[in-house]
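> Model the structure of this input:
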Amino acid sequence: MIEALVLAFEQLGDKRIRRPMLWTILLTLAVSALLIAAAAALFALWEVSGIFIIDWALALLGGIAAAFVAWMLFPVLAAEFLYMFVDQVADAVEARHYPRLPRPNPATFWQYAIAGIRLALVMAFFNLLILPLSFIPVVQVVYPVIYLIVNGVLLGREFFEIVAPRRMDFAAVRELRRKRRSKLFVSGVVIALLFSIPLINLIAPVVATAFMVHIFHGLRDSDGKRNETRS
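Numbers count the residues shown, from 1 in each chain. So this is what the prediction gives:
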């Protein structure tokens with residue numbers, strides 16, 4: 001797993017990786033900035049008390065809260081935009097590290113779009129569900145663990161299902177995911193950590209995709225060898 005992560009970072013200099021990485025960063029930052037600006041403007045226009053200094057303070061706090069929520073939902077936005085560039089990243093990784101593979105069978109635009117919307121809704125729901133826990137003093141100590149567990153489960157599963165259907169049918173993907181769910185969970189925790197580190201989270205979607213390509217091929221190869229041994 002460490003080797004897969006190192007290989008993913010090493011390939012960031014690949015020109016085939018740089019373009020989708022740049023677009024993912026720009027689109028995610030742009031949407032995040034728009035959300036923060038919209039929330040701040042809404043609070044600024046909302047005159048709660050009619051007293052300038054109090055309303056100004058509330059607008060400031062609202063902007064800070066919006067920025068915090070945008071940071072919490074950054075993985076959702078980034079993963080959503082990444083669906084536009086999945087095949088470019090995966091193709092670059094496989095061309096360098098798995099050159100003897102036959103051509104993949106990528107999903108259609110609409111399949112990626114539906115998967116992206118599903119991921120966005122599921123991640124937004126669960127992250128907003130656990131968000132209030134971060135404000136409870138007793139729970140704040142363990143909140144990062146809760147965050148990593150929840151997002152580890154979601155991101156491990158979703159990134160695997162982004163990459164794997166290029167090489168396997170969905171029934172085989174579900175079977176492999178079921179058998180190796182513990183490793184996919186750990187992989188998801190690694191991805192969640194990438195998304196939670198400032199600056200690194202800007203490139204996390206692309207790194208996570210490249211990382212999961214290596215994880216997928218490792219799991220498929222080991223599963224194939226295990227089946228051969230049993231037979």
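> Residue 206 and residue 176: what is the separation?
Distance from residue 206 to residue 176, counting by C-beta to C-beta, to the nearest Å: 23 Å. Every residue, glycine included, has its C-beta placed from N, CA and C.
> Compute the distance between residue 31 and residue 15, please.
Distance of residue 31 to residue 15, given as C-beta to C-beta: 26 Å.
> How about residue 188?
Taking C-beta to C-beta, one finds residue 188 at 29 Å from residue 15.
> Between these two, which is the more surrounded one?
Between residue 188 and residue 15, counted using other C-beta atoms under 10 Å, the more crowded position is residue 188 (26 against 7).
> residue contacts, the more buried one?
151-157, 159 (C-beta atoms under 8 Å, 6 or more residues apart in numbering).
> Skip the chain neighbours and tell me the closest residue to it.
Among residues not flanking residue 188 along the chain, residue 156 sits closest, at 2.4 Å (C-beta to C-beta, 6 or more residues apart in numbering).
> Tell me where this protein has helices.
Secondary structure of the chain by DSSP state H: the helices cover 2-10, 15-45, 52-72, 74-82, 86-97, 109-130, 137-140, 143-163, 170-179, 181-196, 200-230.
> Which stretch among the ones you listed is buried most, on average?
Most buried of the helices of the chain by mean neighbour count (mean count of other C-beta atoms under 10 Å) is helix 74-82; its value is a mean of 24.
> Tell me, how many residues neighbour residue 102?
Under the criterion other C-beta under 10 Å, the count of neighbours that residue 102 has is 6.
> What distance do you get for it to residue 127?
Counting by C-beta to C-beta - residue 102 and residue 127 are separated by 38 Å.
> pLDDT value on residue 178, please?
Residue 178 is assigned a pLDDT of 88 by the prediction.
> What of the one 4 residues further on?
For residue 182, the pLDDT comes out at 91.
> swap in residue 231?
50.
> Does residue 7 touch residue 214 like I think?
Yes. Between residue 7 and residue 214 there is a contact under C-beta atoms under 8 Å: 5.7 Å.
> overlap in contacts of these two?
Contacts common to residue 7 and residue 214, judged by C-beta under 8 Å, 6+ apart, are residue 97.
> and of the contacts of residue 188, the nearest to residue 23?
Using C-beta to C-beta, residue 159 comes nearest to residue 23 of these, at 18.2 Å.
> got the contact list for that closest one?
79, 187-188, 191, 208-209, 212.
> give me that answer again for 7 Å
By C-beta atoms under 7 Å, 6 or more residues apart in numbering, residue 159 lies in contact with 191, 208-209, 212.
> Mind picking the two most distant members of those?
The widest separation within those (C-beta to C-beta) is 9.4 Å, between 191 and 209.
> For residue 86, give its distance to residue 193.
Distance, residue 86 to residue 193, by C-beta to C-beta: 21 Å.
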